[in-house]
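Enquirer: Kindly generate the corresponding structure for this input.
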Amino acid sequence: MENTLEKTDLALLFKEQVVLTDFVEYGFSMQDLVNGERIPEEGARFDIYFEGDLIGEKINGKISGVDYLEVRTDGRFFLDLHAKILTNDGAQIQVTETGINDNGALKLNMEFHTNDKRYTWLNRTQVLGLGTVDFNTGQAIVKGYSL
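Expert: Reported below is the predicted structural model:
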């Protein structure tokens with residue numbers, strides 16, 4: 001039997017532009033991390049708060065939340081984001097995102113929940129987030145693609 005890969009079409013759902021607004025550090029500073037200091041053997045954790053805009057054809061609004069970032073001693077960054085979207089038409093949507101930060105390149109699995117009938121389609125939508133973050137400027141851009 002021949003091995004084949006199925007082509008999956010990705011459709012751009014939205015663009016997210018956020019600013020990192022606050023960092024909670026637990027004994028190892030974000031500045032040390034940015035400067036390339038050796039990560040402690042226990043790893044490092046940070047709570048990174050963010051807020052910004054979500055712009056798309058079917059969804060627009062403000063997003064805010066926190067990333068419970070875990071940095072392993074091998075330099076791997078594991079993301080665990082919890083956020084809310086307040087759409088321009090007043091709906092509230094919960095967002096959870098898990099994934100990795102690979103030298104500033106973000107790769108995320110995004111899940112949504114709302115009971116607002118205008119946006120319940122998001123509850124069943126598989127979304128892949130691809131983007132970048134720059135800890136020096138405090139800015140991140142992510143594009144959400146529905147699969």
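Enquirer: Next up, the contacts around the nearest residue to residue 27 once chain neighbours are set aside.
Expert: Take residue 27 and drop its neighbours on the chain: the residue closest to it by C-beta to C-beta, 6 or more residues apart in numbering is residue 40, 7.6 Å away. Quick note: C-beta positions are derived from backbone N, CA and C, even for glycine. Neighbour list for residue 40: 27, 28, 73 [criterion: C-beta atoms under 8 Å, 6 or more residues apart in numbering].
Enquirer: The lengthiest strand in the chain: what's the following helix or strand?
Expert: Ranked by residue count and defined by DSSP state E, the top strand of the chain is strand 11-25. Sequence-wise, the next helix or strand downstream of strand 11-25 (DSSP states H and E) is helix 30-34.
Enquirer: Counting by contacts, list what that following helix packs against.
Expert: For helix 30-34, the elements it packs on are strand 44-55, judged by 3 or more C-beta pairs under 8 Å, 6 or more residues apart in numbering; DSSP states H and E.
Enquirer: what distance separates stretch 99-107 from the centre of its chain?
Expert: 9 Å (C-alpha atoms, centre = their mean, to the nearest Å).
Enquirer: Same check on stretch 124-133?
Expert: So, by C-alpha atoms, centre = their mean, the centroid of stretch 124-133 is 7 Å from its chain's centroid.
Enquirer: May I ask which of the contacts of residue 40 has the most neighbours?
Expert: residue 28 (18 neighbours; other C-beta atoms under 10 Å).
Enquirer: List the residues that contact that one.
Expert: 37, 39, 40, 44.
Enquirer: And for residue 86?
Expert: Here residue 86 is in contact with 61, 62, 63, 92 (C-beta under 8 Å, 6+ apart).
Enquirer: One more: residue 147?
Expert: 8, 10, 126, 127, 128.
Enquirer: can you pull the pLDDT of the nearest residue to the third one once chain neighbours are set aside?
Expert: Which is residue 126. Leaving aside its sequence neighbours, residue 126 sits nearest to residue 147 (C-beta to C-beta, 6+ apart; 4.4 Å). Residue 147 is assigned 87 on the pLDDT scale.
Enquirer: quick one on the thing from earlier: give me the contact list for the longest strand of the chain.
Expert: Under C-beta under 8 Å, 6+ apart, the answer for strand 11-25 is 30, 46-60, 63, 125, 127, 129, 131, 133, 135, 138-146.
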